[in-house]
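Trainee: Starting from these lines, generate the structure:
(chains A and B)
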Amino acid sequence: MNSARLNAPAELEALREKLVKQRLENKTIITICAGTGCLACGCESVANAFRDVLKEVRLDRDVEIKTTGCHGFCERGPLVVIHPEGTFYQKVKPADAKLIVEQTILGGQLVKKLLYKDPQTKKDIPKERDIPFYKKQMRIIFDKNGYMDPTSINDYLALGGYVGMVKALFEFKPEALIEEVKKSGLRGRGGGGFLTAKKWASCRKAPGEPKYIICNADEGDPGAFMDRSLLEGNPHAVIEGMIIGAYAIGSHEGYVYVRNEYPLAVKNLNIAIKAARELGLLGDNILGSGFSFDIDVSRGGGAFVCGESTALMASLEGKIGEPRAKYIHTVEAGLWDKPSNLNNVETWANVPIIVEKGADWFSAIGTKTSKGTKIFALTGKVNNTGLIEVPMGITLREILYDIGGGVPRNKRFKAVQTGGPSGGTLIVETSEARIHDSMVAHGDILDEEDALSLLDLPVDFDELTKAGSMMGSGGMIVMDQDSCMVDVAKYFINFLQEESCGKCLPCREGLRTMLDILTRISDGKGDMKELDVLEELSTVMMDTCLCQLGGSAPNPVLSTLRYFRHEYLAHIKDHRCPAGVCKELVSHAIDETCTGCHLCLKPCPTNAITGSLRSLHVIDQAKCIQCGACYQICKFDSIRRVKRGEGELIQQRAKEKWQPPMKKSAAAGATAAA
Amino acid sequence: MSATPVANYDVEQAITSIVNNYGAKPQALIMVLQDIQKHFHYLPMDALKVAANKMNLPIAQIYGVATFYKAFSLEPKGKHHICVCTGTACHVRQAKVIVDNLELMLGIKMRETTKDGEISFETVNCLGACALGPLMTVDDVYYGNMNVTKLGKLVDELHGIKSAAGAEEEVA
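Mentor: Next up, the predicted model:
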């Protein structure tokens, strides 16, 4: 569109002014979230429905439709926000487009059924910013996401994009720029939390040319998808950050290493790079500053270990992604043995904001040692799943309850897992969990004060590490009473065992042995002595593994052992899985709360469930393979997962206690009629 | 190797255009292999040999890379490909139930293909839309908040059978 190359900052400002004016002229904008979550919910057909309806009522020129990057509230997708009012509609279906256009855009009224309802007060909340999910957040990195089409550089410019870059190139000497970033206290968002400016300074000082800038977008941590959303929703922020970093370090070549599983991120990033090049914001002599820098996109091959810096660089060179020992840091000899500076997507996205608003502004946010905000992927057993951006130092309680809205279906909250598999671990168990009858009966009681204080843990780099976890890239997975901690540890070790590249022995063999032991424990064949072996192996691995994949791999085992040792003991001594997950130790049974709704009959792969409609259903214990399909589907929590062999007893008792649900449904019908 | 024979000129032509997209640089190898896989749905051995020739790389290096990264398959995949996410968020929302039942429904194990060559399935560590777990993709289309009933319908559709519910409606 504006293919004319810009040769000076003044030209960029003139273009920006023009774009801002254009934006104001467009009165109403319908933004539709087109992040991966909403795409999966069918937002594309919603956007098309809006286009059709607007055409029908001849408003297609006056009202603009924007498909934007991720808004974060994936749980409620597809999301539609009408600007400038900021009216927020959730779970919008294509058929609703007509209603919204007629009532809201033409009539100025709200469509009640599409508004977000506060689960506690049951009141409608029409504005996006008033929703509790967003209220406690501090969206500075994600700020532009909801307002721009990620494929439009004009949108980014109109929202103040590339201001930081201009400031960096024309007002700062590289050394002063590094000093500014140092003052801001920015730490790497990829997991380690290393001071960004320190890395930049070492890379700048390192002898050797050329120097490389790399953006790590190999987001392999299961349960984390913030880098994806940033690249998909606001690729220019990452590009801008990389240009600033390159200027500070003295590099002219940059690479973005993206997971192959993120095709939309690759596409949007490539579009953004092309648009930036056309405007002269990337390439030779950027805006006439005399500084040149360009970026190439490289797609990864799907290996978790490639998130490790040396493995990533090997992979960038087209080789097998094996890490190497880091006697010499990558800032001195990285990609093709040249000084290379690697930062994570989110770190790069922070850079333009720091330069634009100043180090003092940035360092005012957060805690003493962790500045700014952090994006978390809040997932698992929590009501409001999605991407959240919060200031460092917010407590776990605020994240889980105020933003996350607690655990669904009135189940008990058990643990939170942060930091991905190798970094990751588990913490916290609420006091409610501890007073649960069965736990008291079996003596599964922990130190209550300890657990409660953990829920008030301020979330920052150092506090999480102290609690035996780590920040990692920001996955935050909530677990409830249905999650077995032995199973979770086994899951992570199995994951890492599969992803281990096999180069060094402690990781390759250590993980395999750990998995063997954990499998035996979850099968009820474990031995108390093996817990010592687990701990010993963990120490050896932490001391001797070549890279952090192996070095931090024992974390999930050690932290579950630290906080949930009683669950290991239940498996080993009682042959019982308290959460009812470990198949070999569990029986499925139907209790007296069964309504006879027939819902569980169909998914049962072995036809083990019998019973006629509106009468008690029974699981044939001999036929049941403990697949859990019925447990997943039952709406009344009537399926119980009990200790192996106790299923028959539960069903026997159910037979004695069960009453036909006729009365209940008649009563419900009566109240509904009234 | 059960590689299906592909006409030679096809391979030659396809690989040449793929390699030319990136230039015969060694650092383009992974992307070249991805594009070959996209083209053939797997990495046929004769295609790898052509690529080695065009890129001036030893076939051993290409084979090494092709077997190291999870995204690559040296075996042909089914016409429809299912990926079930077993990332942590999906795991705690019982993705295992989906995997187990899919194995039962299809009568194959993970990373296998049905006998008729129609459907293959694998698990992946994270599809990156964790808020919608348990999650899976069928031919790159996302299906969120899965349960066994939804799964049954999807598999029926893939088999080209009308779902039982649909058939009942027709009778009625």
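Trainee: Flag every residue of the stretch 301-450 of chain A that's near chain B.
Mentor: Counting by Cβ under 8 Å from any Cβ of the partner chain, the residues of the stretch 301-450 of chain A lying close to chain B are A:301-304, A:315-321, A:377-381, A:385-387, A:417, A:421, A:424. Where you see a C-beta, it was placed from the backbone N, CA and C, and this is true even at glycine.
Trainee: Among the residues you listed, name the ones in helices.
Mentor: Secondary structure defined by DSSP state H assigns A:315-316, A:421 of those to helices.
Trainee: Please report how far A:His575 lies from A:Tyr563.
Mentor: 22 Å (Cβ to Cβ, to the nearest Å).
Trainee: I meant A:Asp337, not that one.
Mentor: 44 Å.
Trainee: Mark out where each domain of chain B begins and ends.
Mentor: B:8-68, B:80-171 (automatic domain parsing).
Trainee: Would you single out the least confident of the ones you listed?
Mentor: Mean pLDDT is lowest for domain B:80-171 among the domains of chain B, at a mean of 83.
Trainee: related to what we said a few turns ago, among the ones in helices among the residues of the stretch 301-450 of chain A next to chain B, who's most crowded?
Mentor: When neighbours are counted as other Cβ atoms under 10 Å in any protein chain shown, the busiest of those turns out to be A:Pro421, with 30 neighbours.
Trainee: which one is that one nearest to, not counting chain neighbours?
Mentor: Nearest residue to A:Pro421, sequence neighbours excluded (Cβ to Cβ, 6 or more residues apart in numbering or on different chains): A:Phe492, at 4.5 Å.
Trainee: That neighbour - how many residues pack around it?
Mentor: The number of residues near A:Phe492, taken as other Cβ under 10 Å, comes to 30.
Trainee: Can you tell me the SS state at it?
Mentor: Using DSSP: H, G, I helix; E, B strand; the rest coil, the structure places A:Phe492 in helix.
Trainee: Just the element for A:Phe50, please.
Mentor: When elements are defined using DSSP states H and E, A:Phe50 is found to belong to helix A:43-56.
Trainee: who's more crowded, A:Asp337 and A:Tyr563?
Mentor: A:Tyr563 (25 against 13).
Trainee: Check what pLDDT the more buried one gets.
Mentor: 80.
Trainee: And B:Val141, its phi and psi?
Mentor: In terms of degrees, to the nearest 10, the main-chain angles of B:Val141 are phi -100, psi 130.
Trainee: Dig out what it forms beta bridges with.
Mentor: Bridge pairing for B:Val141 (DSSP bridges) gives the partners B:Val138.
Trainee: what about it, distance to A:Val459?
Mentor: 35 Å.
Trainee: Equivalent analysis for A:His566, please.
Mentor: Taking Cβ to Cβ as the measure, A:His566 and A:Val459 are separated by 26 Å.
Trainee: For the two, indicate the residue with more neighbours.
Mentor: Taking other Cβ under 10 Å, A:His566 and A:Val459 do not tie; A:Val459 has more neighbours (25 against 17).
Trainee: That one - nearest residue in space that isn't next to it in sequence?
Mentor: Using Cβ to Cβ, 6+ apart, the closest residue to A:Val459 is A:Ile394 (5.6 Å).
Trainee: Looking at that neighbour now. What's its pLDDT?
Mentor: Turning to A:Ile394, the model gives it a pLDDT of 93.
Trainee: go on, the one 4 residues further on?
Mentor: pLDDT recorded at A:Glu398 is 90.
Trainee: Pretty sure it sits in a strand.
Mentor: No: following the definition three-state DSSP, A:Glu398 is helix and is not counted among the residues of a strand.
Trainee: To what extent is it buried, counted in neighbours?
Mentor: 16.
Trainee: helix or strand for the closest residue to B:Gly78 other than its chain neighbours, which one?
Mentor: When the adjacent residues along the chain are set aside, B:Gly78 lies closest to B:Ser120, with 3.4 Å between them (Cβ to Cβ, 6+ apart). Assessed by DSSP H and E, B:Ser120 sits inside strand B:119-124.
Trainee: That strand pairs with which strands?
Mentor: Taking DSSP bridges as the criterion, strand B:119-124 pairs within the sheet with strand B:80-85 (parallel), strand B:112-113 (antiparallel).
Trainee: Pick the most deeply packed of those strands.
Mentor: Looking across the strands paired with strand B:119-124 with neighbours counted as mean count of other Cβ atoms under 10 Å in any protein chain shown, the highest average goes to strand B:80-85: a mean of 22.
Trainee: From the chain's centroid, how far away is it?
Mentor: How far strand B:80-85 lies from its chain's middle: 7 Å, per Cα atoms, centre = their mean, to the nearest Å.
Trainee: Just the C-alphas of that strand, formatted as PDB.
Mentor: Presented in PDB, the C-alpha positions along strand B:80-85 are these (Å, rounded to 0.1, in the frame of the first residue of the first chain):
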ATOM      1  CA  HIS B  80      -6.100 -38.100   7.100                       C
ATOM      2  CA  HIS B  81      -3.700 -37.400  10.000                       C
ATOM      3  CA  ILE B  82      -4.800 -37.000  13.600                       C
ATOM      4  CA  CYS B  83      -2.600 -35.300  16.200                       C
ATOM      5  CA  VAL B  84      -3.700 -35.600  19.800                       C
ATOM      6  CA  CYS B  85      -2.100 -33.100  22.100                       C
END
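Trainee: Which of the three states applies to A:Ile625?
Mentor: Reduced to three states with three-state DSSP, the structure at A:Ile625 is coil.
Trainee: Up against chain B, what does the stretch 451-600 of chain A have?
Mentor: A:475, A:477-479, A:482-483, A:488, A:491-492, A:495, A:499, A:501.
Trainee: swap the cut-off to 6 Å and go again
Mentor: Where proximity means Cβ under 6 Å from any Cβ of the partner chain, the interface of the stretch 451-600 of chain A facing chain B comprises A:477, A:479, A:483, A:491.
Trainee: Just send those back as JSON lines, with neighbour count and pLDDT too.
Mentor: Formatted as JSON lines, these follow (neighbours: other Cβ atoms under 10 Å in any protein chain shown; pLDDT from 0 to 100):
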{"residue": "A:Ile477", "neighbour count": "33", "pLDDT": "87"}
{"residue": "A:Met479", "neighbour count": "26", "pLDDT": "88"}
{"residue": "A:Ser483", "neighbour count": "24", "pLDDT": "88"}
{"residue": "A:Tyr491", "neighbour count": "23", "pLDDT": "91"}
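Trainee: Now go through the residues you listed and say which are in strands.
Mentor: Among those, the residues falling in strands (DSSP state E) are A:477, A:479.
Trainee: And for A:Asp155, the neighbour number?
Mentor: Around A:Asp155 there are 20 residues (other Cβ under 10 Å).
Trainee: For it, list the residues it contacts.
Mentor: If a contact means Cβ atoms under 6 Å, 6 or more residues apart in numbering or on different chains, then A:Asp155 has A:148-149 as its contacts.
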